[in-house]
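Visitor: Sequence and predicted model, in that order:
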Amino acid sequence: MTLNPRQRRILDAVRQQVTVSLEALAQQLEVTPQTVRRDVKLMEEAGLLARYHGGVGLPSSVQNIDYSDRQVLNVDAKRRIASAVAAQVPSHCSLLINIGTTTEEVARALVHHQGLHVVTNNLNVATILCDSPGCEVILAGGVVRGRDRGIVGETTIDFIRQFKVDIGIIGISSIEPDGTLRDFDPREVKVAQAIIEQSRAVWLVADHDKFGRQALMRMAHASQIDVLFTDAKPPEALARVLREAKVNVVIAQ
């Protein structure tokens, strides 16, 4: 779903307070409890919020939002991020691209580039780029996850470790204020770690909803990336970590 300004304020309030009552949200937003209840119901169905006894909070850290919902969530922001990435990807370079709806938007933004060699464990990325005459696509083997067409497993990791590419482009589910990067699936995390190891430069693509979101598995730390492409200024605690780690932050307008 695409959040309207009121729903965005609800999500921000929940993130700041962990759990909050519907009545408190209604007072804070100066709307009726019925309006808040309708918004919360829609956001709960999209996997963005969870109802608890006495209020509403963030969903479990062990389960990601459904892929079909992630495809349309903040899609405009993801496309702006993808355009910013494509503007900095030179022609005639090699890339590793992992699983994720934002990385799929990056692939769409790269279709007119020339001389690209793309290694990916994402069937959607491969499908997007395989018809581009200026791109060679190398698809990793492994176990295909039906829900998002991602390829994971030890075979995938072994395959990726055969390459050393110019740029690794990775998506993520969560960036914590201390710079910890997290995701939900341990197999996906291991593949992303291999991509980081095999890339001369690592570019992270993440919209602002990833700031402070909860996820179970530690993937890496912000100090292991070179560039963060996002659509909004990171929170101050995270911005400080990024500055100290000398991470270049590109905010897509």
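Guide: Received it, and whenever you're ready, just let me know what you need. Numbers count the residues shown, from 1 in each chain.

Visitor: need the helices for this protein, in chain order.
Guide: 5-17, 22-29, 33-45, 67-72, 75-88, 101-109, 123-129, 154-160, 186-197, 236-244 (DSSP state H).

Visitor: deepest of the ones you listed, which one?
Guide: Each of the helices of the chain was given a mean neighbour count from mean count of other C-beta atoms under 10 Å, and the largest, a mean of 23, is that of helix 101-109. Just so you know, the C-beta spots here come from the backbone N, C-alpha and C atoms, and that holds for glycine as well.

Visitor: Alpha carbons only: can I get it in PDB?
Guide: Below are the C-alpha coordinates for helix 101-109, written out as PDB (Å, rounded to 0.1, in the frame of the first residue of the first chain):
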ATOM      1  CA  THR A 101      11.800  -5.100  -4.500                       C
ATOM      2  CA  THR A 102      14.200  -2.100  -4.400                       C
ATOM      3  CA  THR A 103      16.900  -4.000  -6.300                       C
ATOM      4  CA  GLU A 104      14.400  -5.000  -8.900                       C
ATOM      5  CA  GLU A 105      13.600  -1.300  -9.400                       C
ATOM      6  CA  VAL A 106      17.300  -0.700  -9.900                       C
ATOM      7  CA  ALA A 107      17.400  -3.400 -12.500                       C
ATOM      8  CA  ARG A 108      14.600  -1.600 -14.400                       C
ATOM      9  CA  ALA A 109      16.600   1.600 -14.200                       C
END
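
Visitor: roughly how far is that helix from the heart of the chain?
Guide: On the basis of C-alpha atoms, centre = their mean, to the nearest Å, helix 101-109 is displaced by 11 Å from the centre of the chain it belongs to.

Visitor: related to what we said a few turns ago, figure out which of the helices of the chain is closest to residue 140.
Guide: Comparing the helices of the chain by their distance to residue 140 (C-beta to C-beta), the top pick is helix 154-160, with 4.5 Å.
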